[in-house]
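Chemist: sequence unknown, structure follows:
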């Protein structure tokens, strides 16, 4: 890994097109539409209800919620487009070059909580920022199973890897690692799930990586780490589009093959308990949630990611040798899922 | 309100006794014992189970959990005593004088989640810190009802006020206000409940107040606000003891008179929904939780405050004219409960 261009180089060589905001916004809306249509077809019983909202400081969005479905106990797919006079502190620490400038942000985010504990919870978020001299893409998708099916984790990762590899072989390894590190509950010393992709701050200077140890400090371009050749805005946008469009093929087959599995109180209780980790992660660590709350976002839309029913139990430990224990031991630690095969 | 003594004055005039740690620790343990005994008598069915634990960096505690009781669906009363080489950032920002020094902290904290939605959830925490040249007491107790009974809120406040007033008439008004401000969910623009008492940083320089607008900045003694005469360590310790001992008389009568009320799905669902606010507050704002997680505290004990079962519902609004609406309108906004009478 090598350090990349200086600020001045970036500003000159990587300008977005003049219609960048409109194009990304249209893609984010279309991604929301496509995903909602695919999920409604899967569910077959319930449909999304939409709320449109406006943000006083600038912008707005459309929140779509599905609940009490055949597959989804609750799920939300949000599109939003917001702007304002300055980015909140949590982002300015990471992008000090944006201080003193207005900002524009648009994105689509989604969390699905299936009723059947054998179907994993899943999250997706893609977003785009412009602020003064800087712009960047961020996002990803990650899977949180309750019960350990290796083929599900492998299918999810392989599908996302394929989308990445079509653009550049360096994307998947870097963003898979970043995802493992980001969706990590330090106070539990556990991953949230089996990961997927996560990236942020992608502004064309190769494949940028800024792991957890590099967060929170006053970062500048020169202390980030990148690999490979610079990318243009167009190349990055195409990459993000393909990642977003890979979601349905990555998730639908998993939900289809688990939806018919019967379960009882034991599985349901474990699912409700593990959902607690989702709440802990989103409220304590998640930068999307913090960004939303700090920018006077629409609370109901931001917290749509929280599960419909959740359980906490003091001192719970899975019984050794059970599927619940296997989840902790094998699935909540980093694994090379993209290279998993049925014979391993 | 006037600003108080300089750092040098404090260091000279307000030294704690040589056995301060031992005495406060013993009180905190005794408070835990007294409260657990009183709650077991109230519950009548379940009892507390204790886990003792040690902390690698120094110290330990005893966590006690009651569950599946006649009154308490789940409740925890923790005692802890911890020390280390330096305070975590969240406290050093508030007490920069302690930078570079080791610290000692002891306290008792409690959260009770009754099963019957007509019985309020309640929280108590009293704590004591020493770090280099500074020491202070903090704590309080606050009530979170699900259904609007003015006499319950009034009884709780009157009992705590009485304990405060026995020491000084300035305590209750300042700490009641601080509690209203502290247990506030900014992203919901709601109070967590009907409040009670909250204070922090009490080091003898009168009755110190440092409201939300003064949090987060690099505070020094000179930018805090205090009222009244300086207090000695002994006076403050006696005040904290009386506040702690006022808990059972403040809460037990409320639980006794509501435990027999019948309820149905509507009340239960509303309780589970409102418990979500408890989770949001504790994970997003609570300094005790953040302190615990930042100091590698015992996660299971720290998160014992989270309710056993919780519900989130997108876009919920209470129906006008219902008890649920009255809770929002009249109980989740600051009220002068100590002066409430049945005729108002």
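Modeler: Nice, thanks for sending it over. Everything numeric here is computed off the predicted structure, so don't read it as measured data.
Chemist: in chain A, what residue is nearest chain B?
Modeler: Residue of chain A nearest chain B, by CB to the nearest CB: residue A:283 (3.7 Å). (Each C-beta comes from the backbone N, C-alpha and C, glycine too.)
Chemist: anything in the helix or strand harbouring residue A:289 near chain B?
Modeler: Assessed by DSSP states H and E, residue A:289 sits inside helix A:287-294. Yes - Helix A:287-294 lies within reach of chain B by CB under 8 Å from any CB of the partner chain, at residue A:293.
Chemist: Pretty sure residue A:200 sits against residue A:126.
Modeler: No - under the criterion of CB atoms under 8 Å, residue A:200 makes no contact with residue A:126, lying 11.0 Å away.
Chemist: Now list whatever residues contact both of those two.
Modeler: Any residue near both residue A:200 and residue A:126 by CB atoms under 8 Å, 6 or more residues apart in numbering or on different chains counts here, and that gives A:138, A:139.
Chemist: and chain A, which of its residues are near chain B?
Modeler: Applying CB under 8 Å from any CB, we find that chain A lies next to chain B at A:51, A:63, A:65, A:67, A:74, A:76, A:186-188, A:272, A:276, A:279-280, A:283-284, A:293, A:299-300, A:302-304, A:306-315.
Chemist: Pass me the low-pLDDT residue ranges in chain A, would you?
Modeler: In the predicted model of chain A, residues A:1-13, A:212-225, A:344 satisfy pLDDT under 70.
Chemist: biggest helix in it by residues?
Modeler: The longest helix of chain A (DSSP state H) is helix A:20-43.
Chemist: Pull the distance from that one to the chain's centre.
Modeler: Relative to the centre of its chain, helix A:20-43 is centred 15 Å away, using CA atoms, centre = their mean, to the nearest Å.
Chemist: List the buried residues for it?
Modeler: A:20-21, A:23-25, A:27-29, A:31-32, A:34-36, A:39-40, A:42-43 (16 or more other CB atoms under 10 Å in any protein chain shown).
Chemist: Give me the neighbour count for residue A:100.
Modeler: Neighbour count of residue A:100, defined by other CB atoms under 10 Å in any protein chain shown: 11.
Chemist: Tell me which helix or strand it sits in.
Modeler: Applying DSSP H and E, one finds residue A:100 in no helix or strand.
Chemist: if I look at it, how far off is residue B:96?
Modeler: Counting by CB to CB, to the nearest Å, the gap from residue A:100 to residue B:96 is 28 Å.
Chemist: One more: residue A:22?
Modeler: Residue A:22 sits 48 Å away from residue B:96, going by CB to CB.
Chemist: Check residue A:104 too.
Modeler: Taking CB to CB as the measure, residue A:104 and residue B:96 are separated by 38 Å.
Chemist: can you check residue A:245 too?
Modeler: Going from residue A:245 to residue B:96 by CB to CB gives 51 Å.
Chemist: repeat for residue A:61
Modeler: 41 Å.
Chemist: What of residue A:326?
Modeler: The spacing between residue A:326 and residue B:96, counted by CB to CB, is 48 Å.
Chemist: cool, residue A:121 as well?
Modeler: 42 Å.
Chemist: Could you check which of these two is surrounded by more residues?
Modeler: Each of residue A:121 and residue B:96 has its neighbours counted (other CB under 10 Å); residue A:121 has more, 24 against 14.
Chemist: Can you classify residue A:325 by secondary structure?
Modeler: Following DSSP: H, G, I helix; E, B strand; the rest coil, we place residue A:325 in the helix state.
Chemist: what residues are up against it?
Modeler: So, once contact is read as CB under 8 Å, 6+ apart, residue A:325 ends up touching A:318, A:319.
Chemist: so when I look at residue A:78, I'm seeing a strand, right?
Modeler: Yes - assessed with three-state DSSP, residue A:78 lies in a strand.
Chemist: just checking, it touches residue A:111?
Modeler: No - assessed by CB under 8 Å, residue A:78 is found out of contact with residue A:111, at 9.2 Å.
Chemist: Overlap of the contact sets of these two?
Modeler: Common contacts of residue A:78 and residue A:111, defined by CB under 8 Å, 6+ apart, comprise residue A:304.
Chemist: On the secondary structure side, give me the element for the residue of chain A closest to chain B.
Modeler: Residue A:283 is part of helix A:265-284, with elements assigned from DSSP H and E.
Chemist: what's in contact with that helix?
Modeler: A:113, A:117-118, A:121, A:144, A:146-147, A:183, A:185, A:187-188, A:190, A:192, A:289, A:305-307, A:309-313, A:316, A:324, A:327, B:279-280, B:283-284, B:293, B:303, B:306, B:309-310.
Chemist: let's see it at 7 Å
Modeler: Residues from elsewhere that reach helix A:265-284 (CB atoms under 7 Å, 6 or more residues apart in numbering or on different chains): A:117, A:121, A:144, A:146, A:183, A:185, A:188, A:190, A:192, A:289, A:305-307, A:309-313, A:316, A:324, B:279-280, B:283-284.
Chemist: Now, those that are in strands?
Modeler: Cross-referencing those against strands under DSSP state E gives A:121, A:144, A:185, A:190, A:309, A:310, A:311.
Chemist: which residues does the third one bridge with?
Modeler: Which is residue A:185. For residue A:185, the beta-bridge partners under DSSP bridges are residue A:190.
Chemist: chain center to stretch A:119-136: distance?
Modeler: 8 Å.
Chemist: What of stretch A:157-164?
Modeler: Centroid displacement of stretch A:157-164 relative to its chain, using CA atoms, centre = their mean, is 15 Å.
Chemist: Stretch A:278-297 now?
Modeler: From the chain centre to the centre of stretch A:278-297 is a distance of 12 Å (CA atoms, centre = their mean).
Chemist: ends of that stretch, how far apart?
Modeler: 20 Å (CA to CA, to the nearest Å).
Chemist: quick one: buried residues of that stretch?
Modeler: A:278-295, A:297.
Chemist: before we move on, the earlier item: which one's more surrounded, residue A:78 and residue A:111?
Modeler: residue A:78 (27 against 21).
Chemist: still on that earlier bit, residues in contact with the longest helix of chain A?
Modeler: For helix A:20-43, contacts defined as CB under 7 Å, 6+ apart pick out A:47-48, A:64, A:66, A:69-72, A:75, A:77, A:79, A:81, A:104, A:106-108, A:110, A:126, A:128, A:130, A:233, A:237, A:241, A:244, A:247-248, A:252, A:255.
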